[in-house]
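K.L.:
structural data only, the sequence is not supplied:
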Ligand SMILES: NC(=O)c1ccc[n+]([C@@H]2O[C@H](COP(=O)([O-])OP(=O)(O)OC[C@H]3O[C@@H](n4cnc5c(N)ncnc54)[C@H](O)[C@@H]3O)[C@@H](O)[C@H]2O)c1
Ligand SMILES: O=P(O)(O)OC[C@H](O)CO
């Protein structure tokens, strides 16, 4: 963070190392408005152009880990916002980890670094020049203190293997990944997986955010869930992501934000199946309602700290469920699953140009978890999606027993 008084002498390394913590303590002691997270958020917005400290402090260095459709859209915003908030962020360079692949004989990283466009995952929409594509994940996170995880969930474990041991002291993370990590009767959100593996605090961002619409600057909202007593981190992520066309709201609810983002993908698959069957709007609305109810019941049954207001008052809740059931990739491929009879892996390859489906995998993870807990009967929609997608059950049984 830059100083409001550039003539102040630089503090010693020992003092510098405790400055981020001091800033956090100061934020807790004197929040701009202690009543609600939203008020904190707006206070941060209005104060964003004002100097916030009289002491020189290290700026946060951002790294984006993942460069698919959403990863590229979010890298675009982050690249612009680090310049806008160059008092807080190192602005000259935003490393973007790219899983290297060849496109027409050229490396995707070279194409991005030359044209500033991710031609495969977000064609036609330029990233800002400071976003630098890097194929080596350990190099991409080197020195970074604000790590943005945005990749299909199936690739996270391998990415963490490569990152572990390369994370800067004092770093924090945010997960934009939609899905759940299930082992037998255990379930975790990916923010927990990141936090545990890297030993750093991890927030979550999720909302009604079809990537291409956000990238085209169509007005959208999102939710950042931050950890208990970590409003300062929520405010930092809000600074990194908020624009006039992409509004970021804050809530102290990492679990609820993450789970809503994961489970709505299962509901979106159900909505697509319904569309494929030609059932119309009443049925789809019923699926959304039942899906939201199962989502809420699941969160409250298996996670202790979920805030009820996340479901209806936050973009991560009902709004993401609606946009995904209307316009998402999960909906689209599930509709084609019914109309073409092709399996999902074939449809993913044929219809998504390298982008990945999450909903069918989350349906299986949720099924396995509920089975292990002997609770399948309480979640009939989630269960039906699993059996239709993975078990050969006829799609036209979708609404039976709901
Ligand atoms: N696309 C959206 O509209 C959207 C919006 C909000 C949230 N999300 C969520 O964000 C997360 C990331 O989605 P996305 O749209 O950026 O990705 P995507 O679906 O476009 O996936 C493609 C990405 O996976 C990478 N990849 C492919 N094979 C790989 C491998 N073997 N190892 C590592 N990486 C590999 C590709 O390089 C590319 O970056 C997901 O959890 C998704 O649900 C997506
Ligand atoms: O296209 P989907 O179905 O993966 O959904 C995209 C986003 O999660 C919508 O917020």
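P.N.:
Nice, I can see it. Computed from a predicted model, the values in this text were never measured in an experiment. Ligands and ions are numbered 1, 2, ... in the order given.
K.L.:
only C-alpha atoms for contact and neighbour calcs from this point on.
P.N.:
Will do.
K.L.:
burial measure for residue 304, as a count.
P.N.:
Neighbour count for residue 304, taken as other Cα atoms under 10 Å: 10.
K.L.:
helix, strand, or coil at it?
P.N.:
coil (DSSP: H, G, I helix; E, B strand; the rest coil).
K.L.:
backbone dihedrals for it, please?
P.N.:
Phi and psi for residue 304, reported as degrees, to the nearest 10, are phi -80, psi -30.
K.L.:
for it, give me the pLDDT.
P.N.:
Looking at residue 304, its pLDDT is 96.
K.L.:
same question, residue 58
P.N.:
89.
K.L.:
just so I have it, where are all the strands in this structure?
P.N.:
For the chain, the strands defined by DSSP state E cover 62-65, 94-97, 102-103, 106-107, 131-134, 146-149, 172-175, 180-183, 186-189, 202-206, 220-225, 246-251.
K.L.:
quick one: mean pLDDT for the fourth one?
P.N.:
In this case it means strand 106-107. Strand 106-107 comes out at a mean pLDDT of 98.
K.L.:
how far away from the center of its chain is that strand?
P.N.:
Its chain's average C-alpha position is 28 Å from that of strand 106-107, according to Cα atoms, centre = their mean, to the nearest Å.
K.L.:
and it, what does it pack onto?
P.N.:
If contacts are counted by 3 or more Cα pairs under 8 Å, 6 or more residues apart in numbering; DSSP states H and E, strand 106-107 sits against no helix or strand.
K.L.:
can you list the strands that that strand pairs with?
P.N.:
Strand 106-107 has the following strand partners under DSSP bridges: strand 102-103 (antiparallel).
K.L.:
what's the strand it pairs with in contact with?
P.N.:
108, 120 (Cα atoms under 8 Å, 6 or more residues apart in numbering).
K.L.:
quick one: is it near ligand 1?
P.N.:
No - residues of strand 102-103 are not located near ligand 1 by Cα under 6 Å from any ligand atom, the shortest gap being 10.6 Å.
K.L.:
tabulate the strands of the chain (a markdown table), appending distance to residue 305 and mean neighbour count.
P.N.:
Output for the strands of the chain, formatted as a markdown table (distance: least, Cα to Cα, whole Å; neighbours: other Cα atoms under 10 Å):
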| stretch | distance to residue 305 | mean neighbour count |
| --- | --- | --- |
| strand 62-65 | 27 | 28 |
| strand 94-97 | 32 | 26 |
| strand 102-103 | 44 | 12 |
| strand 106-107 | 44 | 12 |
| strand 131-134 | 36 | 24 |
| strand 146-149 | 22 | 26 |
| strand 172-175 | 18 | 25 |
| strand 180-183 | 16 | 18 |
| strand 186-189 | 13 | 17 |
| strand 202-206 | 14 | 29 |
| strand 220-225 | 12 | 26 |
| strand 246-251 | 12 | 22 |
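K.L.:
save those strands as TSV, and put in distance to residue 257 too.
P.N.:
Putting the strands of the chain into TSV (distance: least, Cα to Cα, whole Å) gives the following:
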stretch	distance to residue 257
strand 62-65	20
strand 94-97	24
strand 102-103	35
strand 106-107	35
strand 131-134	27
strand 146-149	15
strand 172-175	10
strand 180-183	12
strand 186-189	10
strand 202-206	6
strand 220-225	6
strand 246-251	9
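K.L.:
out of those, which is closest to ligand 2?
P.N.:
Of all the strands of the chain, strand 202-206 sits nearest to ligand 2, with 6.9 Å by Cα to the nearest ligand atom.
K.L.:
the closest one versus strand 220-225: what angle between them?
P.N.:
Following axes from the mean of the first three to the mean of the last three Cα atoms, to 10 degrees, one obtains 160 degrees for the angle between strand 202-206 and strand 220-225.
K.L.:
which helices and strands does strand 202-206 pack with?
P.N.:
With contacts taken as 3+ Cα pairs under 8 Å, 6+ apart, strand 202-206 sits against strand 172-175, helix 190-198, strand 220-225, helix 254-276.
K.L.:
tell me which of the ones you listed sits nearest to ligand 2.
P.N.:
Among the helices and strands packed on strand 202-206, helix 254-276 comes nearest to ligand 2, with 5.9 Å by Cα to the nearest ligand atom.
K.L.:
quick one: average pLDDT of that closest one?
P.N.:
According to the model, helix 254-276 has a mean pLDDT of 98.
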